[in-house]
Each structure stands twice: as structure tokens, then as C-alpha cells.
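Novice: sequence plus the predicted model coming up.
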Amino acid sequence: MPEQNHLNLNSATQRIEELETKITFQDHSIDELNRALIQQQNDINKLMRVIENIVSQVERMGDSNTDSGMIELPPHY
């Protein structure tokens, strides 16, 4: 009987070590995913600012065309 208790203890210890290894791997994976998500959000924010600037420029161009009373047609018309 003492030998079986020793085997159960070894088995439990091995299982705990396996679980600890899996948890460590999962923690590392979550940290990597979190860093990637933060970088993606930063990239999205930068792109949104670029789009807002482009929209503002296009609106100003449209305003300048309508202010003159005429819309300039491209040379091929």
C-alpha cells in the first residue's frame, strides 16, 4: 500500500507540473496576443487620422471649387 501512495503522489506531482507548464505557455500566448492587439489598435488609430486628414483636404478642395462659382473640368472634356 505505501508503494501505491508513492505512485499516486508521483502521478499527481507530474500532473501538476504539466498543468503549470501549460499555464505558463498560455500566459505567454496571452501576453503576445495582447501586444499584437495593442499594436493593431495603434495602427487603426493612425489610419483613422490619415483618413480624417484626407477627407478634410477633399472637403476643402470641394469648397474652393464651389466658391469660385465654377467647377473646373479636367483637360480631356
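Specialist: Noted; the coordinates are in hand.
Novice: list the buried ones in stretch 33-44?
Specialist: Neighbour counts over stretch 33-44 (16 or more other Cβ atoms under 10 Å) mark no residue as buried. For glycine as for every other residue, the C-beta is placed from the backbone atoms N, C-alpha and C.
Novice: what comes into contact with it?
Specialist: Outside stretch 33-44, no residue is within contact range by Cβ atoms under 8 Å, 6 or more residues apart in numbering.
Novice: so for that stretch, mean pLDDT?
Specialist: Mean per-residue pLDDT for stretch 33-44: 98.
Novice: cool, and stretch 14-30?
Specialist: pLDDT averaged over stretch 14-30 gives 98.
Novice: what do you get for stretch 58-65?
Specialist: 82.
Novice: center of this structure, which residue is that?
Specialist: For the chain, the residue nearest the mean C-alpha position is residue 37 (2.6 Å; Cα atoms, centre = their mean).
Novice: ok, which stretches of the protein are helices?
Specialist: 2-67 (DSSP state H).
Novice: how close does the residue nearest to the centre of the chain get to residue 4?
Specialist: 48 Å (Cβ to Cβ, to the nearest Å).
Novice: what do you get for residue 59?
Specialist: Taking Cβ to Cβ, one finds residue 59 at 80 Å from residue 4.
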